[in-house]
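> this one's structure only:
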């Protein structure tokens, strides 16, 4: 059920007189019921950060359930959330634990879900949640394939739901530098933009041969595989059993995640397209080369060089030799933005060893300090990414990282990966969202699901969408 802004509701109720009103659940359920009721789906490394960041906004929301296919991780999440509310003075805290996300979506009292499952499951869970009437926060990259991104975009808009992509570099806390730099570029502070150089870090071989193992009794490996190809369980390709914070192996296993091009690439390409005014478009030319891991438990690309040309003639270059961050080069100056020494987690790579990466710099001080007037492009206020999502749920207005732009960011990452795999120059039509005269490349925009229940196109058709990939 959709929410109504409280002030709007009170104003409406005063003028309605004796007219019958259908009251949203959140407005008549008392103080606790006025909060956005949330379930966390996926309780690993990123999921932990997501529910922790969300429950800090306790004046707007309440986490009431957790779900994970690893019962150990679900239990840790329940205990962590319970302790948080207990520290706020509550004596009775009821956090439900679920194994199957479909049971979560069946609860009518849950308004929204946070989807922090591995990349290959993003689309299946997020689309199912939208169809169940939930608002969604989904980790980046928004989906695993280009066609999944289009499907998710389609269903979000059709069902009028709110979706926030986990592109937290668009929000002020903790990364204001990306907003400052991209806003300056968008408003012409470096003159005409010519080139964007992006570093996204470098994955390295695990140095271990793949050896099949028996899945732990606490972990539902078959459901975890979901749409991915059938294969034996290998802990190094899934997630560590002894740690929540350790970097999971699925990030570096191509059947589950596409490597740095979607891991850090989803963040930096998103900001680059935002700054360029291309957040609802994409490149017209892709020229990519990469080396892929061999004879190792991990399988993603390591070395890479990608050159993209956009409709506005701007060239975007990604290379493993660049520091982790984004450099914008124009006719009247240059600006660089990054997370500095910050990492997503302690186990993430952040550029070359020994790099001292500045968080924000420019060729001249005025690029960053000059005021943008009312005629300029100024980003939406967003002090906190999770709070921005919650406020959007209440207002029913798009958040700072909406579905349309998240889909385009993922698409550009996917285009780069396809170029890496085919090792030849490709042409792309960002309006029709398809490769030009290239059936082999177009076939790589999606992947056949292992089982029909995980096929997002079939899920869409079952829901009544006349969808064709």
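Arrived safely. No experiment lies behind these values; they were computed from the predicted model shown. Numbering: from 1, shown residues only.

> can you give me the strands in the stretch 1-150 of the chain?
Per DSSP state E, counting those that start in this stretch, the stretch 1-150 of the chain carries strands over the ranges 36-41, 61-67, 96-98, 112-115, 135-138.

> just the stretch 201-350 of the chain next, same as before
For the stretch 201-350 of the chain, strands defined by DSSP E, counting those that start in this stretch occupy the ranges 285-292, 301-309, 315-319, 325-330, 333-337.

> and those strands as JSON lines, adding distance to residue 150?
From N, CA and C alone the C-beta is placed, and that goes for glycine too. JSON lines is the format used below for these (distance: least, Cβ to Cβ, whole Å):
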{"stretch": "strand 285-292", "distance to residue 150": "18"}
{"stretch": "strand 301-309", "distance to residue 150": "19"}
{"stretch": "strand 315-319", "distance to residue 150": "21"}
{"stretch": "strand 325-330", "distance to residue 150": "26"}
{"stretch": "strand 333-337", "distance to residue 150": "29"}
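
> and residue 313, what pLDDT?
pLDDT recorded at residue 313 is 97.

> same question, residue 347
So, for residue 347, pLDDT stands at 48.

> the one 10 residues further on too?
Per-residue confidence for residue 357 comes out at a pLDDT of 76.

> just confirm it contacts residue 322, I think it does.
No: shown here, residue 357 and residue 322 do not form a contact pair, counting by Cβ atoms under 8 Å, at 10.3 Å.

> so which of the strands of the stretch 201-350 of the chain gets nearest residue 54?
strand 333-337 (25.7 Å; Cβ to Cβ).

> I'd like the average pLDDT over the closest one.
98.

> and that strand, what does it pack onto?
Of the remaining helices and strands, those touching strand 333-337 by 3 or more Cβ pairs under 8 Å, 6 or more residues apart in numbering; DSSP states H and E are helix 176-186, strand 325-330, strand 360-362, helix 366-369.

> and the angle from the second one to strand 315-319?
Orientation of strand 325-330 against strand 315-319 (axes from the mean of the first three to the mean of the last three Cα atoms, to 10 degrees) gives an angle of 150 degrees.

> out of the strands of the stretch 1-150 of the chain, nearest to residue 76?
Counting by Cβ to Cβ, residue 76 lies closest to strand 61-67 out of the strands of the stretch 1-150 of the chain; the figure is 9.2 Å.

> the closest one pairs with which strands, and in what direction?
strand 36-41 (parallel), strand 96-98 (parallel) (DSSP bridges).

> most packed of these?
Comparing the strands paired with strand 61-67 by mean neighbour count (mean count of other Cβ atoms under 10 Å), strand 36-41 ranks first with a mean of 26.

> which residues touch it?
Here strand 36-41 makes contact (Cβ atoms under 8 Å, 6 or more residues apart in numbering) with 3, 26, 47, 50-51, 54, 60-68, 77, 81, 98, 101, 104, 107, 109-117, 125, 129, 390, 393-394.

> redo that, cut-off 6 Å
47, 51, 61-67, 101, 104, 109-115, 125, 390, 393 (Cβ atoms under 6 Å, 6 or more residues apart in numbering).

> stretch 435-447 too?
145-147, 418, 426-429, 434, 469.

> could you do stretch 160-178 as well?
Stretch 160-178 is contacted from outside by 130, 135-137, 139-140, 142, 156, 267, 270-271, 337, 359-360, 382-385, 389, 392-393, 399-401, 403, 406, using Cβ under 6 Å, 6+ apart.

> those residues, buried ones only, as a ChimeraX selection?
In ChimeraX, a selection of the buried entries from these looks like this (16 or more other Cβ atoms under 10 Å):
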select :130,135,136,137,139,140,142,156,267,270,271,337,359,360,382,384,385,389,392,393,399,400,401,403,406
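
> distance to residue 453 and mean pLDDT added to the strands of the stretch 1-150 of the chain, as a markdown table?
Formatted as a markdown table, these follow (distance: least, Cβ to Cβ, whole Å; pLDDT from 0 to 100):
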| stretch | distance to residue 453 | mean pLDDT |
| --- | --- | --- |
| strand 36-41 | 16 | 98 |
| strand 61-67 | 17 | 98 |
| strand 96-98 | 17 | 98 |
| strand 112-115 | 17 | 98 |
| strand 135-138 | 20 | 98 |
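
> would you turn the helices and strands packed on strand 333-337 into JSON lines with mean pLDDT and distance to residue 300?
Formatted as JSON lines, those follow (pLDDT from 0 to 100; distance: least, Cβ to Cβ, whole Å):
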{"stretch": "helix 176-186", "mean pLDDT": "97", "distance to residue 300": "25"}
{"stretch": "strand 325-330", "mean pLDDT": "98", "distance to residue 300": "21"}
{"stretch": "strand 360-362", "mean pLDDT": "96", "distance to residue 300": "30"}
{"stretch": "helix 366-369", "mean pLDDT": "93", "distance to residue 300": "35"}
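
> looking at these, which is closest to residue 448?
Closest among these, once you apply Cβ to Cβ, is strand 325-330, at 34.7 Å.

> tell me what that closest one is packed against?
If you count contacts as 3 or more Cβ pairs under 6 Å, 6 or more residues apart in numbering; DSSP states H and E, strand 325-330 packs onto strand 193-199, helix 265-276, strand 333-337.

> angle of the longest one against strand 325-330?
To tie it back to what came earlier, the one meant is helix 265-276. 20 degrees.
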